[in-house]
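S.K.: What follows is a protein structure lacking sequence information:
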């Protein structure tokens, strides 16, 4: 009986390990069948496929610096314009496509003020070589003209397109505290 129990325990341990073999990297069906893992090519999905060497990958937050300048004549009645400039500080070319995510922030914790900026315009894919820059124009409402509660902000929280790490840009000014009044606008990145 003791031998039988040992065999059952070994068989049970192997049976438990088999479903887990598909959770690791590589191995696939060959490992589940009990043979040595074959030196097969790893599965490649569209998300993990190697990029075409002739096309640069997308720009990530650490690849970029962002500065802000007032846009002379870039405002409209009750608004003023500012321009975000994204500069590729990496050693490789990279691409940007779409809009940056922008919001006003205040306080030491970077609490968001009002709504995230509304997107306006048609985005295009652009390539930035090392040292090259792209811009995104902002249209910022005057809280008095928007008839909203004004709040002092410290600047902007900016997410480059398709990124989850933000960049803070200092630009103290007043903004609308309500999410449904005086919503600022952001235009797509362009060269």
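M.R.: Sure thing, it's come through. This one's a predicted model, so the numbers in the text were calculated from it and none came from an experiment. Residues are numbered from 1 along each chain as shown.
S.K.: Low-confidence ranges, the chain, go.
M.R.: For the chain, the stretches with pLDDT under 70 are 1-53, 73-76.
S.K.: and it, what are its domains?
M.R.: The record assigns the chain these domain ranges, following automatic domain parsing: 1-50, 61-186.
S.K.: Could you check how many residues crowd around the closest residue to residue 97 other than its chain neighbours?
M.R.: Leaving aside its sequence neighbours, residue 97 sits nearest to residue 125 (Cβ to Cβ, 6 or more residues apart in numbering; 4.1 Å). Every C-beta, even on glycine, is put in place using the N, C-alpha and C of the backbone. Counted with other Cβ atoms under 10 Å, residues neighbouring residue 125 total 12.
S.K.: Identify the residue nearest the geometric centre of the chain.
M.R.: Centrality entry for the chain: nearest residue to the mean C-alpha point is residue 163, 0.9 Å, by Cα atoms, centre = their mean.
S.K.: Residue 110 touches residue 157, doesn't it?
M.R.: Yes: look at residue 110 against residue 157 with Cβ atoms under 8 Å: they come within range, at 6.0 Å.
S.K.: Neighbour count: those two, which is higher?
M.R.: Neighbours per residue (other Cβ under 10 Å) separate residue 110 from residue 157, with residue 157 holding more: 20 against 14.
S.K.: for residue 179, what are its contacts?
M.R.: Neighbouring residues of residue 179 by Cβ atoms under 8 Å, 6 or more residues apart in numbering: 114, 115.
S.K.: again with residue 78
M.R.: Residues in contact with residue 78, defined by Cβ under 8 Å, 6+ apart, are 141, 142, 145, 146.
S.K.: How many residues are close by the residue lying closest to the residue nearest to the centre of the chain once chain neighbours are set aside?
M.R.: Leaving aside its chain neighbours, residue 163 sits nearest to residue 61 (4.8 Å; criterion: Cβ to Cβ, 6+ apart). Residues within reach of residue 61, counting by other Cβ under 10 Å, total 14.
S.K.: doesn't residue 161 make contact with residue 61?
M.R.: No: using Cβ under 8 Å, residue 61 is not in contact with residue 161, being 10.4 Å away.
S.K.: Common neighbours of these two, please.
M.R.: Counting by Cβ under 8 Å, 6+ apart, residue 61 and residue 161 have no shared contacts at all.
S.K.: was I right about the residue nearest to residue 97 contacting residue 94?
M.R.: No: using Cβ under 8 Å, residue 125 is not in contact with residue 94; the gap is 11.1 Å.
S.K.: Just the contacts of residue 78: which are in helices?
M.R.: For those, the ones inside helices are 145, 146, with DSSP state H as the criterion.
S.K.: Most neighbours among the contacts of residue 78, please name it.
M.R.: Neighbour count (other Cβ under 10 Å) singles out residue 141 as the most crowded of these, with 21 neighbours.
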